[in-house]
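>>> this one's structure only:
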């Protein structure tokens, strides 16, 4: 049976008594609608829960009773960073004011400890049901299933919250969450067992070691990051008094930003172990004692969540996430036991067994790790007949429903905002930008471009390409921000939205529909690749001098590698020399196809040359920063691509004659050029593939519109059988390529550049060839107009054709794919 929320209270414990009069004076001044002349105020304490003491405040006036809930820090000495009620208040207010996540409404926060002894906040009282026992005794089987479904659904809803849009973008770090959780809770465990408070369990140290060695790759990238509740389980959820739907999520003490799969695993703990304080020993999990009728299996519950949240099936990572939950539970129990020894545990006598419970959890964690399998390879099917789970999308090219590559609600919202920005601002300006690019002013910047860049910043569409790990390094080096410190919102906007490569893929595609769009959002090449190099390998001084202006969009950059006299697709051929002379380097050589160098805003070049012609083949090259205003840098001419000079961006031939740059400008050190190049080529060059998907979609759109408007031989082009066959084949190839590009991005997030290189190479071969086919077909349907400058098609085609060389020749990528295939055959 469920407990009514009001049934979970008991008299206030002696250690938690407070000044009711002082509380009344504060509440009457700060809580809207608080009774000013109550006849009686009663305080009782919620016995359920073991974190911050929580009280039911009943205020009686003329026979009517208003109920409020007060939550405060415990008294006495507390562990650092624990019991932060101000953070609870912050997240509840943000969610309550801006989302549909069901939470109690908060009224006021008091950080003044002189009022009732510690900081506190007051929120609304939710009259409903709380299921303390996850077995749901006394509940009909069909309602048990509905309750578990509602729990999975509300967790997915919580995880869909757009933290940047609701003011929680700085609520925590998104990357390396599990790594930090391991260290945090181990530190708490050590603090709780210091000075002989509780004997330390050697197995806890072994468990920490196992966890550190098995952190999923997705954790470092932040691919599964977002708002994390931190203590999500069925007994921290309030259900409607009569309906099987959630009306409130409670106990946000441990909330932050991070890896959301930790919430999911923690909510599944009852399947493995029954956690509670009522008995001397922990109970066996539902999967051991037998799942009560109506309650879904763990796999079914997890599938329900993955379906609602659009997440991939976590079969390979589940063992880690569950073991981490048990490790964290053991640390929390140890802390509760420590507080019980000191006499300030909010659970009173029920906390006496928590020391034993902590050690039991450690043993259960090792038993779980030892299992051969913990989840089926594929998720069980989820019934879709009971509700619609389709998100309406504003444009073609976005999958609907559930599946591996269905974007989260956060990305769907960003994508829709981006599409609207393109429709309102970019497409209408394309002709104006093109006219200027073909005029005598083509090497100057259209005034509207800078205005649109400022608008993109304000709308949160700036620097979306920046990976989480690079952003974290920038925060530490540039802004001196530790992982838990407050980060200025203006600076935060410079470092993107905290997206993974996969998430960015859905947005980069939209930008690829217009040649002008990427630079408006500061997401254009070669700037993104150059900024990525600085983010990953630059010194603090280099970041301050060059990266910040690039992030702000005040300057642009070029990448100088290709040389006219050698086949530069084999970078060992390059001949440009970089010679050390005292505190400087002297550069001599010629580069061409240095994209971006013609732009009047271009201030910095990343140049690849040789510092040691006698070193091993792949240790001769280095990368160095060159200010374009340095004497000896001579921009000789702009180069054209099928007649397009791409003004004002341009592609330059540049000579370097005795160019002297400071030795501090070297990146990472001499002989590290290839190492930097490999780090740059993964994410940056995959962006080209993403944009090519968008270019192909633009071609499909224009092709279909033309075919539905023009007639040949007495009927619409769209009615000709040959056209129908061709456009269908184009759609097939486009969708195949999109999935390949998304797979490459996903592997890049999960496995890193090296392990993903085969799939990245496939995407680099497939994307331009597919785009060329689609755009060629679109031009054919347009006839003479298609090869003119009256449409965007010819320019998009020229750009796509260039990328079969500029993004690495097809032959190089095919060689990589073939080598990996043959290696697999030998295994």
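Yes, it's here. Fair warning: this is a prediction, and the values are worked out from it, not measured in the lab. Numbers count the residues shown, from 1 in each chain.

>>> Could you find the closest non-adjacent residue to the residue sitting nearest the centre point of the chain?
The centroid of the chain falls nearest to residue 499 when counting by Cα atoms, centre = their mean (3.8 Å). Nearest residue to residue 499, sequence neighbours excluded (Cβ to Cβ, 6 or more residues apart in numbering): residue 464, at 6.2 Å. Backbone N, C-alpha and C define where each C-beta goes, glycine included.

>>> for the one you found, helix, strand, or coil?
coil (DSSP: H, G, I helix; E, B strand; the rest coil).

>>> still on that earlier bit, quick one: contacts for the residue nearest to the centre of the chain?
411, 464-468, 507 (Cβ atoms under 8 Å, 6 or more residues apart in numbering).

>>> just residue 130 next, same as before
By Cβ under 8 Å, 6+ apart, the neighbours of residue 130 are 2-5, 8, 48, 235, 237-239.

>>> from memory residue 662 sits against residue 584, does it?
Yes: contact criterion Cβ atoms under 8 Å: residue 662 and residue 584 qualify, at 6.0 Å.

>>> From residue 305, how far out is residue 157?
11 Å (Cβ to Cβ, to the nearest Å).

>>> ditto for residue 286
16 Å.

>>> Pick out whichever of those two has more residues nearby.
residue 305 (26 against 20; other Cβ atoms under 10 Å).

>>> can I assume that one is in contact with residue 149?
No: Residue 305 is beyond contact range of residue 149, at 9.7 Å (criterion: Cβ under 8 Å).

>>> Low-confidence bits of the stretch 551-700 of the chain, can you list those?
Low-confidence segments of the stretch 551-700 of the chain, defined by pLDDT under 70: 679-685.

>>> Helix, strand, or coil at residue 32?
coil.

>>> What residues does it make contact with?
By Cβ under 8 Å, 6+ apart, the neighbours of residue 32 are residue 107.

>>> repeat for the one 10 residues further on
With contact taken as Cβ under 8 Å, 6+ apart, residue 42 is in contact with 57-58, 60.

>>> go with 10 Å
9, 12, 20, 55-60, 65, 67 (Cβ atoms under 10 Å, 6 or more residues apart in numbering).

>>> List the beta-bridge partners for it.
residue 58 (DSSP bridges).

>>> do you know how far it is from residue 85?
In terms of Cβ to Cβ, residue 42 sits 22 Å off from residue 85.

>>> do residue 249 as well
16 Å.

>>> Over to residue 43?
For residue 43 relative to residue 85 (Cβ to Cβ), the value is 17 Å.

>>> Likewise for residue 96?
In terms of Cβ to Cβ, residue 96 sits 16 Å off from residue 85.

>>> Could you list the single helix or strand in this structure with the lowest mean pLDDT?
helix 489-494 (a mean of 60; mean pLDDT, DSSP states H and E).

>>> List the contacts of residue 318.
216, 261, 264-265, 268, 298-299, 302, 368, 373-375.

>>> got JSON lines for those, with secondary structure too?
JSON lines is the format used below for the contacts of residue 318 (three-state DSSP):
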{"residue": "216", "secondary structure": "coil"}
{"residue": "261", "secondary structure": "helix"}
{"residue": "264", "secondary structure": "helix"}
{"residue": "265", "secondary structure": "helix"}
{"residue": "268", "secondary structure": "coil"}
{"residue": "298", "secondary structure": "helix"}
{"residue": "299", "secondary structure": "helix"}
{"residue": "302", "secondary structure": "helix"}
{"residue": "368", "secondary structure": "helix"}
{"residue": "373", "secondary structure": "coil"}
{"residue": "374", "secondary structure": "coil"}
{"residue": "375", "secondary structure": "coil"}
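
>>> Considering the contacts of residue 499, which possesses the most neighbours?
Top of these by neighbour count (other Cβ under 10 Å): residue 465, with 28 neighbours.

>>> Is it in contact with residue 530, as I believe?
No: checked against Cβ atoms under 10 Å, the pair residue 465 and residue 530 is beyond contact range at 11.8 Å.

>>> Low-confidence ranges, the stretch 301-450 of the chain, go.
344-351, 382-404.

>>> Tell me where it has helices.
For the stretch 301-450 of the chain, applying DSSP state H, counting those that start in this stretch gives helices covering 318-342, 354-369, 409-421, 430-437, 447-458.

>>> Out of these, which is closest to residue 113?
helix 318-342 (18.2 Å; Cβ to Cβ).

>>> what ranges do the helices span in the stretch 51-200 of the chain?
Counting by DSSP H, counting those that start in this stretch, the helices of the stretch 51-200 of the chain are 85-98, 141-159, 177-192.

>>> Report pLDDT for the residue nearest to residue 499.
Turning to residue 464, the model gives it a pLDDT of 94.

>>> cool, residue 197 as well?
pLDDT recorded at residue 197 is 66.

>>> From here on, call the first residue 178.
Sure, I'll start numbering at 178, so the last one becomes residue 374.

>>> Not counting residues beside it along the chain, what's closest to residue 591?
Nearest to residue 591 is residue 684, by Cβ to Cβ, 6+ apart, at 6.0 Å.

>>> Next one: the one you found from residue 676, what distance?
To residue 676, residue 684 is 8 Å away according to Cβ to Cβ.

>>> overlap in contacts of those two?
With Cβ under 10 Å, 6+ apart, residue 684 and residue 676 have common neighbours 588, 591, 641-642.

>>> Including distance to residue 955, could those residues go into TSV?
Formatted as TSV, the shared contacts of residue 684 and residue 676 follow (distance: Cβ to Cβ, whole Å):
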residue	distance to residue 955
588	28
591	28
641	27
642	27
